[in-house]
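# Predicted model and sequence follow; I will ask about them next.
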2 protein chains.
Amino acid sequence: MRADALRNRERLVEVAQSAFATNGIDTSLEEIARQAGVGIGTLYRRFPTREDLIAAVLAERYLKLAEVALVLAEEREDPDSAFTEWLALLVEHMALYRGLSLAVKEAMHDHTTALGRTCKEMMDSGERLLTRGQQAGAFRADVSFLDVLALSSGIVTAVERRSEKPDASDLPPLNPYLLLDVVLRGLRVEDR
Amino acid sequence: MRADALRNRERLVEVAQSAFATNGIDTSLEEIARQAGVGIGTLYRRFPTREDLIAAVLAERYLKLAEVALVLAEEREDPDSAFTEWLALLVEHMALYRGLSLAVKEAMHDHTTALGRTCKEMMDSGERLLTRGQQAGAFRADVSFLDVLALSSGIVTAVERRSEKPDASDLPPLNPYLLLDVVLRGLRVEDR
DNA sequence: AGTTAAGCGGAGGCTGACTCCGGTTAGCGT
DNA sequence: ACGCTAACCGGAGTCAGCCTCCGCTTAACT
């Protein structure tokens, strides 16, 4: 890879990161190319689809999440709190850029896309964490990891929408951790 | 309202209904106008925004849902099963057209749009059903109706995505009622 | 210094949202 | 029955964003 190409690639990812943060994941690709000072053709050559660009922006964070899952699986003897903690991290991650949770949910089901492949490892680690909890009898066994991710993604989209309306005067704050708590309680095996 | 205008309006709603059913709620408005045999200008005059059209398509169904909620609140002495049943109906409704659950979630937070106003009554009835359950001590009181709707909408979007991939060979089926059950269990007051 | 493959960039085609205005007509009064 | 006119119609036109294609440029190797 030529030096100029590498420079452009890095610059694009950088600009995309901040553009996603301020304008959400649906920011116009032409706008990103413009801010990065490259032509639209360059962006498309490097990142043929929007998902490719998103995947590049998220790559390190996904590695981190997979790592944390492994550490939690080893060091924490309580599978319940390990998974609970990890899921909160995942939710925080998906809430970083407006629209990201939907894109991730989409990618979950399709490992042929760049984003899907990128988050596969992270998801595998998370799934192991859940399975561990299920085998220990802490969580219901009939609920799959994808089910939990679906619910988590729903939580994030809900919070996103709410925070977009600054005039949320009379409405309650819609705390993502409260919603997560509801899901996790529903997930736990009941010994009533 | 002139007779021809009324005819066109009815025809548009009719066509939109079937177009939404087959192609999802993001169907091109020009396509809908074409199928209805009217100009695009006519569609926009009658329904200035896409939400207006969606609201018109859903109007009767929303009335029905509000009605059912009232009936359930009166006839059913168990507030838990009343709300549970109603929520399943709502989920089934939101799953009718691909993309509807997101639009509804959006509209929930903003009663200034046509769709928001249209579903307000329905939501009020549902909320009363939840409040009744909370006062009876069946459900957690710290969770709002909007929270529950957010989670429900998340369930629906997840199921939508899955059903779009026909090659879901190795993946589990992702049953909406299972997910709903998780949420409802998490919502119930625990007597452990 | 010459060669060349890799890279660049933007013009251009496409689709869909949305507007605007000249022509048309339903439905009223006479 | 026949105007009259306000209401209505329709599509041409504008705009934004996605994406492709190809002639020009240049890094980097010999």
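Nice, I can see it.
# does A:Asp52 really touch A:Ala114, like I thought?
Yes - A:Asp52 is within contact range of A:Ala114, at 4.4 Å (criterion: Cβ atoms under 8 Å). The C-beta positions use only the backbone N, C-alpha and C, and glycine is treated the same way.
# Who has more neighbours out of these two?
A:Ala114 (20 against 16; other Cβ atoms under 10 Å in any protein chain shown).
# and that one, what does it touch?
Residues in contact with A:Ala114 (Cβ atoms under 8 Å, 6 or more residues apart in numbering or on different chains) are A:Thr49, A:Glu51, A:Asp52, A:Ala55.
# buried subset of the residues you listed?
A:Glu51, A:Asp52, A:Ala55 (16 or more other Cβ atoms under 10 Å in any protein chain shown).
# If we only consider the contacts of A:Ala114, which is nearest to B:Asn8?
Among those, A:Thr49 lies closest to B:Asn8 (Cβ to Cβ), at 39.5 Å.
# ok, the closest one to A:Asp181 distance?
36 Å (Cβ to Cβ, to the nearest Å).
# residues touching A:Leu130, list them.
Counting by Cβ under 8 Å, 6+ apart, A:Leu130 has contacts A:Phe83, A:Phe139, A:Phe145, A:Val148.
# Can you give me the pLDDT of it?
At A:Leu130, the pLDDT value in this model is 98.
# repeat for the one 4 residues further on
We have a pLDDT of 98 for A:Gln134.
# SS state for it?
Here A:Gln134 is recorded as helix under DSSP: H, G, I helix; E, B strand; the rest coil.
# Can you name the residues that contact it?
A:Gln134 is in contact with A:Arg140, A:Ala141, counting by Cβ under 8 Å, 6+ apart.
# where does chain A come near DNA strand C, residue by residue?
Residues of chain A lying close to DNA strand C by Cβ under 7 Å from any atom of the strand are A:1-2, A:4-5, A:7-8, A:37-42, A:44-46.
# rerun at 6 Å
Selection of chain A residues close to DNA strand C by Cβ under 6 Å from any atom of the strand yields A:Met1, A:Arg2, A:Asp4, A:Ala5, A:Asn8, A:Val38, A:Gly39, A:Ile40, A:Gly41, A:Thr42, A:Arg45.
# Need the phi and psi values for A:Phe139.
For A:Phe139, the backbone dihedrals are phi -120, psi 150 (criterion: degrees, to the nearest 10).
# Name the residues linked to it by a beta bridge.
Judged by DSSP bridges, the bridge partners of A:Phe139 are A:Arg188.
# State the distance from it to DNA strand C.
42 Å (Cβ to the nearest atom of the strand, to the nearest Å).
# all strands of chain A, in order?
With DSSP state E, there are no strands along chain A.
# Tell me which helix or strand in it has the weakest average pLDDT.
Least confident element among the helices and strands of chain A, by mean pLDDT, DSSP states H and E: helix A:145-164 (a mean of 87).
# Show me how far it is from its chain's centre.
10 Å (Cα atoms, centre = their mean, to the nearest Å).
# Which parts of chain A are helices?
With helices called from DSSP state H, chain A shows them at A:3-23, A:29-36, A:40-46, A:50-75, A:79-94, A:100-108, A:114-135, A:145-164, A:176-187.
# weakest of these in terms of mean pLDDT?
Lowest mean pLDDT of the helices of chain A: helix A:145-164, a mean of 87.
# what about that helix, near chain B?
Yes - residues of helix A:145-164 contacting chain B under Cβ under 8 Å from any Cβ of the partner chain: A:Leu146, A:Asp147, A:Ala150, A:Leu151, A:Ser153, A:Gly154, A:Ile155, A:Thr157, A:Ala158, A:Val159, A:Arg161, A:Arg162.
# Any quick PyMOL command for the buried ones out of those?
Buried subset of the residues of helix A:145-164 next to chain B, written as a PyMOL selection, criterion 16+ other Cβ under 10 Å:
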select buried, chain A and resi 146+147+150+151+153+154+155+157+158+159+161+162
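# Residues of chain A that sit close to chain B?
Counting by Cβ under 8 Å from any Cβ, chain A sits next to chain B at A:102, A:105-106, A:109-110, A:140, A:142-144, A:146-147, A:150-151, A:153-155, A:157-159, A:161-162, A:165, A:168, A:171-172, A:174, A:178-179, A:181-187, A:190-192.
# do that again at 7 Å, thanks
Counting by Cβ under 7 Å from any Cβ of the partner chain, chain A comes close to chain B at A:105-106, A:109-110, A:142-144, A:146-147, A:150-151, A:153-155, A:157-158, A:161-162, A:165, A:171-172, A:174, A:178-179, A:182-187, A:191-192.
# Up against DNA strand D, what does chain A have?
For chain A, the contact set with DNA strand D under Cβ under 6 Å from any atom of the strand comprises A:Arg2, A:Ala3, A:Asp4, A:Ser28, A:Leu29, A:Glu30, A:Ile40, A:Gly41, A:Tyr44, A:Arg50.
# Great, nothing more from me.
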